[in-house]
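Undergrad: Fold the following, please.
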Amino acid sequence: MPDPVVVLIEDEPEIRRFLRVTLTGQGYRLFEATTAAQGLVEVGSRQPDVVIVDLGLPDLDGLEVIRQVRGWSDIPIIVLSARGHERDKVTALDAGADDYVAKPFGAGELLARIRVALRHGAGASHDGDAAFQVGDVAVDLLHRRVHVAGAERHLTPIEYKLLTTLVKYAGKVVTHQQLLREVWGPAHTDQGHYVRVYMAHLRHKLEAEPARPRYLLTEPGVGYRLTTE
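TA: Numbering: from 1, shown residues only. Model (predicted):
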């Protein structure tokens, strides 16, 4: 499956250079932003597995970035900040951050926090379970792998995000708008064709008969449902 995606929202060039080397060297795909506005666009378009955000951004406080992301997504968020007082940590966590790393920090500590965030994100994707299976389709949320009848299927990042969003709500109808908001971000809620195109891709990879799907069901005029039987 695709390597985990990290969006870094940080205006200090030295920190960005350090994390660029550290994270890419560990196999992460890193996308950078230097302002809150750029960061929100990156989060919405990249659909990362983890967001790392500084609180002292030039255009907007990082706390507002956290609150806005939490308005539409449960992506794990790690705060990276020079504000090391307990009240700052409590405020950031109350705003919706999952973890808080104070500057200066060590690479080993941050990598460990990212691994924890990835595990929590995978577990939260389906009521705390790290795996989901229905019929021949098995989704390993912890290791980001998908198998059909025992054979691994390669999914693009968007296909995988679409599938895991359906897994999160397995058995329930998920509307087109909700899928657009959670998979592509709030800026794309009027792009209904995205869901149709990528759902067709998923069906060709996961269904024995894509034209007569067994798992990825259409709810006409409403959205889609991943069956649990």
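
Undergrad: quick one, what contacts the residue nearest the centre of the chain?
TA: With distances taken as C-alpha atoms, centre = their mean, Asp49 lies nearest the centre of the chain, 3.7 Å away. Residues near Asp49 by C-beta atoms under 8 Å, 6 or more residues apart in numbering: 4-6, 75-76, 118, 121. From N, CA and C alone the C-beta is placed, and that goes for glycine too.

Undergrad: May I have the phi/psi pair for it?
TA: Dihedral pair for Asp49: phi -90, psi -30, per degrees, to the nearest 10.

Undergrad: Among the contacts of Asp49, name the buried ones.
TA: Buried by 16 or more other C-beta atoms under 10 Å: 4-6, 75-76, 118, 121, out of the contacts of Asp49.

Undergrad: In TSV, list those along with distance to Ala95 and pLDDT.
TA: As requested, the buried ones among the contacts of Asp49 are exported to TSV (distance: C-beta to C-beta, whole Å; pLDDT from 0 to 100):
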residue	distance to Ala95	pLDDT
Pro4	23	91
Val5	22	93
Val6	20	96
Ile75	14	89
Pro76	14	91
Leu118	21	85
Gly121	18	66
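
Undergrad: Which of those fall within strands?
TA: Counted as lying in strands by DSSP state E, out of the buried ones among the contacts of Asp49, are 5-6.

Undergrad: which residues of this structure fall in strands?
TA: 5-9, 29-33, 50-53, 77-81, 99-102, 131-134, 137-140, 145-148, 151-152, 173-175, 216-219, 223-226.

Undergrad: which helices and strands does the worst-scoring helix or strand of the chain on mean pLDDT pack with?
TA: Using mean pLDDT, DSSP states H and E, helix 107-124 stands out as the lowest-scoring helix or strand of the chain, at a mean of 81. With contacts taken as 3 or more C-beta pairs under 8 Å, 6 or more residues apart in numbering; DSSP states H and E, helix 107-124 sits against helix 13-25, strand 50-53, strand 77-81, strand 99-102.

Undergrad: before we move on, the earlier item: just send the strands of the chain back as a markdown table, with distance to His201 too.
TA: Below are the strands of the chain laid out as a markdown table (distance: least, C-beta to C-beta, whole Å):
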| stretch | distance to His201 |
| --- | --- |
| strand 5-9 | 19 |
| strand 29-33 | 20 |
| strand 50-53 | 25 |
| strand 77-81 | 29 |
| strand 99-102 | 34 |
| strand 131-134 | 19 |
| strand 137-140 | 15 |
| strand 145-148 | 13 |
| strand 151-152 | 16 |
| strand 173-175 | 17 |
| strand 216-219 | 11 |
| strand 223-226 | 13 |
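
Undergrad: Can you tell me which of the buried ones among the contacts of Asp49 lies closest to Arg83?
TA: For the buried ones among the contacts of Asp49, the residue nearest Arg83 by C-beta to C-beta is Pro76; the value is 19.8 Å.
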